[in-house]
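# Got a predicted model here, sequence first, then my questions.
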Amino acid sequence: MNILAPVRRDRVLTKLPQCLRKEAALHVHKDFQPRVTCACQEHRTGTVGFKISKVIVVGDLSVGKTCLINRFCKDTFDKNYKATIGVDFEMERFEVLGVPFSLQLWDTAGQERFKCIASTYYRGAQAIIIVFNLNDVASLEHTKQWLADALKENDPSSVLLFLVGSKKDLSVSVPVVGEDFTSRQGKPHAQHLTLTFLQTPAQYILMEKDALKVAQEMKAEYWAVSSLTGENVQEFFFRVAALTFEVNVLAELEKSGSRRIGDVVRINSDDSNLYLTASKKKPTCCP
Ligand SMILES: Nc1nc2c(ncn2[C@@H]2O[C@H](COP(=O)(O)OP(=O)(O)OP(=O)(O)O)[C@@H](O)[C@H]2O)c(=O)[nH]1
Ligand SMILES: [Mg+2]
């Protein structure tokens, strides 16, 4: 019996959310793998519905980790900086293909003096979100170190990686000043803001080019978000939830020995596709 509260209606995923950029995606499949869809339809997902998957969020101080989590979980934004001391976490419940699925989002401190407390919570992550500020090239350069530290405590071959550029609103590719920023949930976040753009279009393009390269090197999926306007925030977390769910169901199928001969799970492939189904055969269990 699942004793947790019912899942919010806006946390129900029936389709695989798509990646932001095909050049730096964990995979570019249009939908969940047929084996996963099939297992969900036939209630063969084992313990997945009772599991809580740990997701850690790391990156330099003040890049916007806390704001990103708060925008998604609470639909709030605080313009004042309050450093995270050690760690904090939020629980988010989803329903993916009819199966309950929970993410525990660990918000870690970026400040050096709190880093050693935070790093003790890195272990056991199924996904690592490395955040940098799209307007601060040094924060992008530091992402490799953040990843290395997080991977010391985790299995690099099984963890999903996401590289997230934050504060997209401070670059030029956002709605014009005075526009009514409306969240996906339909609530206004901020109206008639006076935005000071930190980057010219050329600078932003260069930054994104560098970020895509870093993401490809890390074999991470790239996202660019704004916690102020809400741009891409929900899409990003839905993608994290869906891909983590997919990995969990596949692991469960493998454990229960129902993996079909002919399917190949490819990890760390050159084309950044995490999964590759070699067989062109249709699954036998579903029409
Ligand atoms: N314009 C803009 N400002 C942002 C955005 N996200 C965060 N900020 C601001 O950046 C500052 C730092 O945000 P936090 O979320 O606290 O940063 P953090 O990464 O959690 O910092 P630590 O906890 O010290 O590691 C705050 O003043 C936020 O208001 C964003 O999307 N756009
Ligand atoms: Mg914080």
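Thanks, I have the structure now. Numbers count the residues shown, from 1 in each chain. Ligands and ions are numbered 1, 2, ... in the order given.
# Let me know whether stretch 142-150 sits next to ligand 1.
No - under the criterion of CB under 6 Å from any ligand atom, ligand 1 is not reached by stretch 142-150; the shortest gap measures 10.8 Å. From N, CA and C alone the C-beta is placed, and that goes for glycine too.
# Please state the offset of that stretch from the chain centre?
Centre-to-centre, stretch 142-150 and its host chain are 16 Å apart (CA atoms, centre = their mean, to the nearest Å).
# Tell me which residues are up against that stretch.
Outside stretch 142-150, the residues that touch it by CB atoms under 8 Å, 6 or more residues apart in numbering are 56, 58-60, 119, 122, 125, 128, 130, 132, 161, 163, 214, 217-218, 220.
# ok, now stretch 101-108?
Stretch 101-108 is contacted from outside by 4, 48-49, 51-58, 65-66, 69, 72-73, 84, 86-95, 118-119, 121-122, 125, 237, 240-241, 244-245, 248, using CB under 8 Å, 6+ apart.
# Isn't E95 up against R9?
No - counting by CB atoms under 8 Å, E95 stays clear of R9, with 9.2 Å between them.
# So which of the two has more stuff around it?
Between E95 and R9, counting by other CB atoms under 10 Å, E95 is the more crowded of the two (19 against 7).
# Strand partners (parallel or antiparallel) of the helix or strand that one falls within?
Element membership for E95 (DSSP states H and E) is strand 87-96. Sheet pairing for strand 87-96, assigned by DSSP bridges, gives strand 12-13 (parallel), strand 99-108 (antiparallel).
# what about that strand, near ligand 2?
No - shown here: strand 87-96 not in contact with ligand 2 (CB under 5 Å from the ion), separated by at least 7.4 Å.
# With stretch 50-69 instead?
Yes - using CB under 5 Å from the ion, stretch 50-69 reaches ligand 2 at K65, T66.
# Determine how far the last residue of that stretch lies from the first.
Its first and final residues considered, stretch 50-69 spans 22 Å by CA to CA, to the nearest Å.
# From the chain's centroid, how far away is it?
Relative to its chain's centre, stretch 50-69 lies at 9 Å (CA atoms, centre = their mean).
# average pLDDT across it?
When pLDDT is averaged over stretch 50-69, the result is 96.
# Check stretch 135-155 too.
Stretch 135-155 shows a mean pLDDT of 96.
# Number the residues from 28 up from this point.
From this message on, residue numbering opens at 28, which makes the last subject stretch 162-182.
# Name the residues of it that come out as buried.
Buried positions in stretch 162-182, judged by neighbour count with 16 or more other CB atoms under 10 Å: N162, D163, S166, L167, H169, T170, W173, L174, A177, L178, E180, N181.
# phi, psi of the closest residue to ligand 1 within the stretch 128-277 of the chain?
Nearest residue of the stretch 128-277 of the chain to ligand 1: G137, at 2.8 Å (CB to the nearest ligand atom). Note on G137: its backbone torsions stand at phi -90, psi -20 [degrees, to the nearest 10].
# so who does it touch?
By CB under 8 Å, 6+ apart, G137 lies in contact with V85, G86, D87, L88, S89, V90, K92, A110, T111.
# so who does the fourth one touch?
Remark: with contacts taken as CB under 8 Å, 6+ apart, L88 is in contact with A110, A136, G137, Q138, E139.
# what about I96, which SS state?
At I96 the chain is in helix, as set by DSSP: H, G, I helix; E, B strand; the rest coil.
# pLDDT averaged over whatever helix or strand V63 lives in - what is it?
Here V63 sits within helix 61-68, counting by DSSP H and E. For helix 61-68, the mean pLDDT works out to 95.
# Tell me the buried residues in that helix?
Applying a neighbour-count criterion of 16+ other CB under 10 Å, one finds P61, R62, V63, T64, C65, A66, C67 buried in helix 61-68.
# Could you check how many residues crowd around the closest residue in space to the last one that isn't next to it in sequence?
Distance criterion CB to CB, 6 or more residues apart in numbering; nearest residue to C67, sequence neighbours excluded, is L124 at 3.8 Å. Other residues within reach of L124 by the criterion other CB under 10 Å amount to 22.
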